[in-house]
Every structure is written in C-alpha cells, then in structure tokens.
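**Student:** Quick check, what structure comes out for this input:
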Amino acid sequence: MPKQDPVGWDDINAEDVAAYVRDVSEQLANMARQMGLDAIAQPLEQAHLAARQLLQEKAAPEDAA
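**Tutor:** Next up, the predicted model:
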C-alpha cells in the first residue's frame, strides 16, 4: 500500500514554510530561554526574525519604495 502524503509538496510555497519557521522558531526559542539554554535560543530567535522579515517583505506592495 503506497504511503500517502497528507499535503503534497506542490501545495506548499515559500511563504508557508517561512510562516511555519517563524512560528515554531519563536516557540522553541522561548522554551530554550526558559530552560536557560541561551546558546540555543539565540539562533532560533534569529531564524524567527529572518522569517518574519521575509514575510513582511513579501506582503508589502512592490511600489512602496
């Protein structure tokens, strides 16, 4: 019986991935900070900020220069 992918890769775009990274990295960074794992939290926070910035740039109208 073939394994079925619940969501095909064709249904996922770069914005979906960036939004997921934004959300998950923020949650993981918060958990790491609570556990005193600052060295782990810092790159996760950077990933969160980078994904958020990318999404903001994609959402901004192109003529808003």
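
**Student:** just the helices in the chain please.
**Tutor:** Using DSSP state H, the helices found in the chain span residues 14-34, 38-59.

**Student:** how many degrees apart are the shortest one and helix 38-59 in direction?
**Tutor:** Meaning helix 14-34. Here the directions of helix 14-34 and helix 38-59 differ by 150 degrees (axes from the mean of the first three to the mean of the last three C-alpha atoms, to 10 degrees).

**Student:** same for helix 14-34, what does it pack against?
**Tutor:** The contact analysis (3 or more C-beta pairs under 8 Å, 6 or more residues apart in numbering; DSSP states H and E) places helix 14-34 against helix 38-59. Yep, even glycine has a C-beta here, placed from its N, CA and C like the rest.

**Student:** before we move on, the earlier item: can you put the helices of the chain in a markdown table and add distance to Gly8?
**Tutor:** Shown next, in a markdown table, are the helices of the chain (distance: least, C-beta to C-beta, whole Å):
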| stretch | distance to Gly8 |
| --- | --- |
| helix 14-34 | 12 |
| helix 38-59 | 22 |
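
**Student:** got the ones you listed as CSV, with mean neighbour count and mean pLDDT columns?
**Tutor:** As requested, these are exported to CSV (neighbours: other C-beta atoms under 10 Å; pLDDT from 0 to 100):
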stretch, mean neighbour count, mean pLDDT
helix 14-34, 15, 96
helix 38-59, 14, 95
